[in-house]
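J.: For reference, the sequence and a predicted model appear below.
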Amino acid sequence: MPHILLWLSQNYIEVIGALSGIIGVWLTARQVIWCWPVALINVVIYIYVFYISKLYADFGLQLFYFFITLFGWYNWLYGGKDHHALPISRITLKKLIIFFCIGIPSVFILGYLLRNYTDAAYPYWDSFVSIWGIIGTYMMAKKILEHWILWIIVDLTCVGIYFFKGLYPTTILYFIFTVLAVYGLSKWRKDFRIQIS
């Protein structure tokens, strides 16, 4: 028990970041607009954590998340018809094709760069998580129902990566994210049925 308290006292910022991430996903699943300011807290904390940890790719990704979070917050409030709240939508075949045409080559290009120019562990898996995480966040900002399916896949991939890297607390965190994504998918499906009835 003293070891856990010591770890918490030394890593309280990271713990707050993780908790804000869990709360943010839970609020997103419930379509509560406060998911975005909570997500902003999470992003700002991880900008700091990754910068001081010298994880510059993750730091850069968090900068992207900062701006997409502001976009999502605005879009959920005013992105609907006549600048009203944005309703849930389903993905179109055109958007699905566009996402695949962007996502698949981007994963291989980034994976190649990470493998050949960095000492990255699991460069292609890391690329998969980064690229599809960006696409999933954009889909979430546009309130596309299927973003939850993408997050289930991405989060499960993260569970595997972090487990094999020995990052067990982070593995547990991403397992919780996976469970929340399953809950979010179920909740948004029900909400969508109500919305169109």
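T.: Thanks, I have the structure now.
J.: Longest helix in this protein, please.
T.: Counting residues, the longest helix in the chain under DSSP state H turns out to be helix 168-196.
J.: So for it, what gets flagged as buried?
T.: Of all the residues in helix 168-196, those buried under the rule 16 or more other CB atoms under 10 Å are 170-171, 173-178, 180-182, 184-185, 187-188, 191-192. The way it works is simple: take the backbone N, C-alpha and C, and place the C-beta from them, glycine included.
J.: which of the residues in stretch 150-168 are buried?
T.: Neighbour counts over stretch 150-168 (16+ other CB under 10 Å) mark 150, 151, 152, 153, 154, 155, 157, 158, 159, 161, 162 as buried.
J.: how far out from the middle of the chain is that stretch?
T.: Centroid separation for stretch 150-168 versus its chain: 12 Å, with CA atoms, centre = their mean, to the nearest Å.
J.: The residue nearest to residue 112 when sequence neighbours are not counted: what's it in contact with?
T.: Once flanking residues are discounted, residue 112 sits nearest to residue 123: 7.8 Å by CB to CB, 6 or more residues apart in numbering. Taking CB atoms under 8 Å, 6 or more residues apart in numbering, we find residue 123 in contact with 110, 111, 112, 114, 115.
J.: which residues touch the last one?
T.: So the one you mean is residue 115. Residue 115 neighbours (CB under 8 Å, 6+ apart): 123, 124.
J.: how close does the residue lying closest to residue 91 once chain neighbours are set aside get to residue 167?
T.: The shortest distance from residue 91 to any non-neighbouring residue, by CB to CB, 6+ apart, is to residue 146 (4.6 Å). Using CB to CB, to the nearest Å, residue 146 is found at 28 Å from residue 167.
J.: Kindly export the helix or strand hosting residue 43 (C-alpha atoms) in PDB.
T.: Counting by DSSP states H and E, the element that carries residue 43 is helix 35-52. The C-alpha trace of helix 35-52 is given here as PDB (Å, rounded to 0.1, in the frame of the first residue of the first chain):
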ATOM      1  CA  CYS A  35     -17.200  15.600 -22.700                       C
ATOM      2  CA  TRP A  36     -15.300  18.100 -24.700                       C
ATOM      3  CA  PRO A  37     -14.000  20.400 -22.000                       C
ATOM      4  CA  VAL A  38     -13.100  17.300 -19.900                       C
ATOM      5  CA  ALA A  39     -11.300  15.900 -23.000                       C
ATOM      6  CA  LEU A  40      -9.500  19.300 -23.200                       C
ATOM      7  CA  ILE A  41      -8.200  18.800 -19.700                       C
ATOM      8  CA  ASN A  42      -7.000  15.300 -20.600                       C
ATOM      9  CA  VAL A  43      -5.200  16.600 -23.700                       C
ATOM     10  CA  VAL A  44      -3.500  19.500 -21.900                       C
ATOM     11  CA  ILE A  45      -2.200  17.200 -19.200                       C
ATOM     12  CA  TYR A  46      -0.900  14.700 -21.700                       C
ATOM     13  CA  ILE A  47       0.800  17.500 -23.800                       C
ATOM     14  CA  TYR A  48       2.800  18.200 -20.600                       C
ATOM     15  CA  VAL A  49       3.400  14.500 -19.700                       C
ATOM     16  CA  PHE A  50       4.600  13.600 -23.200                       C
ATOM     17  CA  TYR A  51       6.800  16.700 -23.500                       C
ATOM     18  CA  ILE A  52       8.600  16.100 -20.200                       C
END
